[in-house]
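how would this look folded up:
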Amino acid sequence: MSTGNTICCFGELLLRFSPQLNGEWIKQANMPVFVGGAELNVANALANWEVPVRYSTVLPENQLSTEIKAYIEEKGIETSGIRHFGSRIGAYYLPQGADLKNAGVIYDRAFSSFSELKVGKVDWEQILEGCSWFHFSAISPALNQDVADACLEALQVASRLGITISVDLNYRAKLWQFGKKPVEIMPPLAQYCDVIMGNIWAANTLLGIPVDKTVEQNPTQEKYLAHSIATAENIQATFPKCKVVAHTFRFDAFDEGIQYYTTLYKDGIQYVSPEFTTQKVVDKVGSGDCFMGGLIYGLHHQHAPQDIIDFAAAAAFGKLQEYGDASQQTVEKVKETLNNVLSEN
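Numbering: from 1, shown residues only. As a prediction, the model looks like this:
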């Protein structure tokens, strides 16, 4: 059984190229690049909050990988879970001002080192040594059947070692291109999870949990919160190992802003965060990852459920005002964001 205290975040490291459209990136010979990936973003947040964290991925053996590993380690993230084979680092192109659910995103992940992961290629017991928590997202099994099978292998080992498992139901339609629907792949993985995070629509697409389309007719927060309970109860009935379900509700509001609130369902009780609103967003990338990091942070420290969901929501909201994939927020900064919202209500 696990005796460690480290959080292991597993997934593909991605380079985000962020061109300025209308040809400006060509004229200026300039395109910002960020080191990212959903699970690395979670690891970054946890490291900021002084939680011991390890990152696991697959990178090629070259100078870029060496420099990236050094960059990650400088942030306080342990890199002993990284393995080296294959020949390239995955990437995606996201025009400045867009988000990952925008049609403008271009993925360049085919034949990446991570996509060559297969059952038996890594020693999961070695990677998970000293860990109490394993986190992954639906982005990894979306790549191909071999990676999906490798995810299942990792979950089986983690479960056997008594390690807590969490999943972010990240859904990216452009990634599921290998002939299988998400609902054919994700339920066998979700059965190992103690914590399931996403939104009610992702739970439907990835896990087959019913969604009532009528809730979108004249929608209200009250309707969504009621649906959140129904979805959480359905998830826990379908996947009995799941103890905690968290949902996010993020809607476009004003001209360029958002409306945001979240829920946590634990021990038959729903906890709801304050509602956050802003008229301007700097960068939507990584906000959901920051929310996931906040959940793990609170659950790892065994905080009260209301404190957990409030902190996670505030962290996600704060990330919307930061440019780049990873959050730089400290615990104090997140609490400041939360207190500002609570004082307004």
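
which element is the residue nearest the centre of the chain on?
Closest residue to the average C-alpha location of the chain: Asp289 at 3.9 Å, with C-alpha atoms, centre = their mean. Secondary structure assignment for Asp289, by DSSP states H and E: helix 287-300.

low-confidence ranges in this structure?
1-3, 97-103, 345 (pLDDT under 70).

so which residues of it form helices?
For the chain, the helices defined by DSSP state H occupy 24-27, 38-48, 63-74, 124-127, 145-160, 182-190, 200-207, 221-238, 287-300, 305-319, 331-344.

what's the angle from the longest one to helix 200-207?
Read that as helix 221-238. Between helix 221-238 and helix 200-207, the angle comes out at 20 degrees (axes from the mean of the first three to the mean of the last three C-alpha atoms, to 10 degrees).

and for the second one?
Between the direction of helix 38-48 and that of helix 200-207, the angle (the same axes, to 10 degrees) works out to 120 degrees.

for helix 38-48, which helices and strands make contact with it?
Packing contacts for helix 38-48, counted by 3 or more C-beta pairs under 8 Å, 6 or more residues apart in numbering; DSSP states H and E, involve strand 6-10, strand 53-56, strand 131-137, helix 287-300. C-betas here are computed from N, CA, C, even on glycine.

how about the nearest residue to Ser80, chain neighbours excluded?
Setting aside the residues directly before and after it, Ser80 is nearest to Arg54 in space (C-beta to C-beta, 6 or more residues apart in numbering), at 6.3 Å.

for stretch 139-154, buried residues please.
139-144, 146-154 (16 or more other C-beta atoms under 10 Å).

go on, stretch 238-249?
Within stretch 238-249, the residues scored as buried using 16+ other C-beta under 10 Å are 239, 242, 244-249.

next one: that stretch to chain centre, how far?
15 Å (C-alpha atoms, centre = their mean, to the nearest Å).

same question, stretch 9-23
Using C-alpha atoms, centre = their mean, the offset of stretch 9-23 from its chain centre is 15 Å.

do the same with stretch 104-116
With C-alpha atoms, centre = their mean, you get 17 Å for stretch 104-116.

show me what that stretch is in contact with.
12-14, 57-60, 84-95, 98, 140, 143-144, 146-147, 172, 174-175 (C-beta atoms under 8 Å, 6 or more residues apart in numbering).

mind doing that once more with 6 Å?
Outside stretch 104-116, the residues that touch it by C-beta atoms under 6 Å, 6 or more residues apart in numbering are 12, 58-60, 86, 88, 90-95, 98, 143, 174.

likewise stretch 327-345?
Residues from elsewhere that reach stretch 327-345, judged by C-beta under 6 Å, 6+ apart: 45, 49, 274, 276, 290, 310, 314-315, 318-319.

adding neighbour count and distance to Asn234, write those out as JSON lines.
Shown next, in JSON lines, are those (neighbours: other C-beta atoms under 10 Å; distance: C-beta to C-beta, whole Å):
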{"residue": "Ala45", "neighbour count": "30", "distance to Asn234": "29"}
{"residue": "Trp49", "neighbour count": "22", "distance to Asn234": "32"}
{"residue": "Pro274", "neighbour count": "17", "distance to Asn234": "26"}
{"residue": "Phe276", "neighbour count": "22", "distance to Asn234": "27"}
{"residue": "Cys290", "neighbour count": "28", "distance to Asn234": "26"}
{"residue": "Asp310", "neighbour count": "26", "distance to Asn234": "25"}
{"residue": "Ala314", "neighbour count": "28", "distance to Asn234": "28"}
{"residue": "Ala315", "neighbour count": "30", "distance to Asn234": "27"}
{"residue": "Gly318", "neighbour count": "21", "distance to Asn234": "31"}
{"residue": "Lys319", "neighbour count": "31", "distance to Asn234": "29"}
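
from those, which single one is nearest Asn5?
Each of these was scored against Asn5 by C-beta to C-beta, and Trp49 proved nearest at 14.1 Å.

residue contacts, that closest one?
The contact partners of Trp49, taken as C-beta under 6 Å, 6+ apart, are 297, 331.
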